[in-house]
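Chemist: Predicted coordinates and the sequence they were generated for:
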2 protein chains.
Amino acid sequence: MECVPNFSEGRDKGIIEKIAAAFRHRDGVKLLDCSSDADHHRSVITVAGEPGALKEAVVEAMGTAVALIDLTQHRGQHPRMGAVDVVPFVPISNVTMEEAISLSKEVAAAAAARYALPVYLYERSATAPHRENLSTVRRGGFEALSAKMTLPDWIPDYGPSRPHPTAGAAAVGARPPLVAYNVNLATDNLQIAIAISRRVRHLNGGLRYCKAMGVALRERGITQVSMNLTDCSQTALYRAHELVRIEAQRYGVAIAGAEVIGLLPLETLVETAAYYLGLENFSVSRVLEARLAE
Amino acid sequence: MECVPNFSEGRDKGIIEKIAAAFRHRDGVKLLDCSSDADHHRSVITVAGEPGALKEAVVEAMGTAVALIDLTQHRGQHPRMGAVDVVPFVPISNVTMEEAISLSKEVAAAAAARYALPVYLYERSATAPHRENLSTVRRGGFEALSAKMTLPDWIPDYGPSRPHPTAGAAAVGARPPLVAYNVNLATDNLQIAIAISRRVRHLNGGLRYCKAMGVALRERGITQVSMNLTDCSQTALYRAHELVRIEAQRYGVAIAGAEVIGLLPLETLVETAAYYLGLENFSVSRVLEARLAE
């Protein structure tokens, strides 16, 4: 089982390390990656492990984040409603979606009880259709939580019906694998990044499995189209990349790099190289390390 | 240990399967890939295994090829001097080059004795500097072997000093990993493929770790720049690919696909995707399956 919790702290390395410590030196849990971004003010941790050990580690990390992150002081460009903003469980290596859903509910219940934290179940774990989409659950962010929780549609699945004073609320659920992919634009004009994001994303007529938003990378003086590719087997990463490129061309803006947040599935890497090189008859089974590992 | 024997048969699937059978259902040996090409009239088998088991399997496959392939009837575009043309051993997964050299000599001695086959040691196993380069060893091909073997410089390392009547001679040795990579050109003009090959290869002023030749793919009515990239960590695959593209542009010729013969190392795949997408801070350690396998 994989878990990719997102925490609303991307600047203070001390805090990030204290949260990540829950996943270190623990039997049955492997810390695979920790990506932090100061502009997003967010860290994304990727871990894999046995369900039981993973549950304990994730609940512990959530507690650390609830204790150390104060959302009343938090100003970042990424939408967020909580110190532990979202905790997705992803079934990998022969784990089923049902097991991921079940684990997400155990973690949600434990964290809510232990930290007096309101928790919404989302995606495949959602208890109602209007709670499936994370952006709907999170709409309004931390600042709108108090009012939102008084609405019958938005009573949390676990925990109190009022936000944690400093940690807000968390979304916990199970979902298929997702690739978080950002394309940097050689312009400091945020309006261009926002306009391109709207054209490539599903919400406004773009690619079906693509969510996107424009972000300013202030220190570097550039902007970014920040995407979530929710099904790379249908909406290829290279296609999203090239679509950003052709939209950027309208503005005379070049692509200035790109980044994967967290880890990239080998299948996506193979498809990307096969597209750009025009490889015939190429697949994961032609990668030396993949064959040796069989 | 990896072994990538090349056999001079790319058309008769029955013969290819009989040769490959030596690597199937054998403890300690894993058949990873078998790539055949009718225009090259050649098959490349990729296997990995424990040195002892691998030795037995390779010697057996060499015997099958010696018995079934008749070089006097062989017309293909790839240079060749034997039914078993070349047998490179490649150290992988903690095997040393010295172990690969030692195994190559054992295989060469056994095959020479068992099949009365002259064998040259080449690359890292070569017994003299002028025998290191495979193209020098093979120069003149099967047809020139009788005369070549009378020269003091070209007495075989093992076996008789006259060619096997139907199987010629074999080159056996140890070498670092190599990527066999072909780029197809949307033209049937072989002279263009040859001219481009000369410009990209080391021999004529091109990329240091690139060997190349022009080949006609007669059935498809196109041509090919067929390359061996002998050190992809220095001469990147994408760089060779793009250099073929810019040379082809002089002729108004487009790239019409590409292919990897055998298997591609994950490192090369990562570098390719990172180049085309402009990925920042990306490496093998960001590939999910690679992290899980650690």
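Modeler: Alright, I've got the coordinates.
Chemist: domain ranges for chain A?
Modeler: A:2-174, A:179-263 (automatic domain parsing).
Chemist: Report the buried residues of stretch A:108-117.
Modeler: A:108-112, A:115, A:117 (16 or more other C-beta atoms under 10 Å in any protein chain shown). C-beta here means a position set from N, CA and C on the backbone, and glycine is covered the same way.
Chemist: With just CA atoms, put it into PDB.
Modeler: Below are the C-alpha coordinates for stretch A:108-117, written out as PDB (Å, rounded to 0.1, in the frame of the first residue of the first chain):
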ATOM      1  CA  ALA A 108      -9.500   8.900   9.600                       C
ATOM      2  CA  ALA A 109     -11.300   7.500  12.600                       C
ATOM      3  CA  ALA A 110      -8.100   7.200  14.700                       C
ATOM      4  CA  ALA A 111      -6.700  10.600  13.800                       C
ATOM      5  CA  ALA A 112     -10.100  12.300  14.500                       C
ATOM      6  CA  ALA A 113     -10.400  10.700  17.900                       C
ATOM      7  CA  ARG A 114      -6.800  11.200  18.900                       C
ATOM      8  CA  TYR A 115      -6.400  14.900  17.800                       C
ATOM      9  CA  ALA A 116     -10.000  16.200  17.900                       C
ATOM     10  CA  LEU A 117      -9.600  16.800  14.200                       C
END
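Chemist: about what we covered before: is it possible to get TSV of the domains of chain A that adds distance to chain B and mean pLDDT?
Modeler: Below are the domains of chain A laid out as TSV (distance: least, C-beta to the nearest C-beta, whole Å; pLDDT from 0 to 100):
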stretch	distance to chain B	mean pLDDT
domain A:2-174	5	96
domain A:179-263	4	96
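Chemist: how about the ones you listed in a markdown table, adding distance to residue B:76?
Modeler: What follows is the domains of chain A, written out as a markdown table (distance: least, C-beta to C-beta, whole Å):
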| stretch | distance to residue B:76 |
| --- | --- |
| domain A:2-174 | 44 |
| domain A:179-263 | 35 |
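Chemist: And the residue nearest to residue A:263 when sequence neighbours are not counted, how close does it get to residue A:265?
Modeler: Among residues not flanking residue A:263 along the chain, residue B:288 sits closest, at 4.2 Å (C-beta to C-beta, 6 or more residues apart in numbering or on different chains). Note on residue B:288: its distance to residue A:265, by C-beta to C-beta, to the nearest Å, is 5 Å.
Chemist: Can you tell me the SS state at residue A:211?
Modeler: Following DSSP: H, G, I helix; E, B strand; the rest coil, we place residue A:211 in the strand state.
Chemist: now it, which residues is it bridged with?
Modeler: For residue A:211, the residues forming beta bridges with it (DSSP bridges) are residue A:228.
Chemist: repeat for the one 5 residues further on
Modeler: On DSSP bridges, the residues paired with residue A:216 through beta bridges are residue A:223.
Chemist: What ranges does the stretch 151-294 of chain A have for its strands?
Modeler: Assigned by DSSP state E, counting those that start in this stretch, the strands in the stretch 151-294 of chain A fall at A:170-174, A:179-185, A:210-217, A:222-229, A:255-261.
Chemist: before we move on, back to that, looking at residue B:288 and residue A:265, which one has more neighbours?
Modeler: residue B:288 (24 against 18; other C-beta atoms under 10 Å in any protein chain shown).
Chemist: in the stretch 151-294 of chain A, which spans are helices?
Modeler: Remark: helices assigned in the stretch 151-294 of chain A by DSSP state H, counting those that start in this stretch are A:190-200, A:237-249, A:266-277, A:288-292.
Chemist: ok, residues contacting the third one?
Modeler: When contacts are defined by C-beta atoms under 8 Å, 6 or more residues apart in numbering or on different chains, helix A:266-277 is touched by residues A:179, A:232-233, A:236-238, A:279, A:282-284, A:286-287, A:290, B:237-238, B:241, B:258, B:266, B:269-270, B:272-273, B:276-277, B:287-290.
Chemist: Double-check residue A:54 against residue A:103; I have them as touching.
Modeler: Yes. With contact defined as C-beta atoms under 8 Å, residue A:54 counts as touching residue A:103 (7.2 Å).
Chemist: quick one: common contacting residues for those two?
Modeler: The overlap between the contact sets of residue A:54 and residue A:103 (C-beta under 8 Å, 6+ apart) consists of residue A:1.
Chemist: Residue B:10: which of the buried residues of stretch A:108-117 is nearest?
Modeler: Distance to residue B:10 across the buried residues of stretch A:108-117 (C-beta to C-beta) is lowest for residue A:108, with 58.7 Å.
Chemist: Secondary structure element for the closest one, which one?
Modeler: Element membership for residue A:108 (DSSP states H and E) is helix A:97-115.
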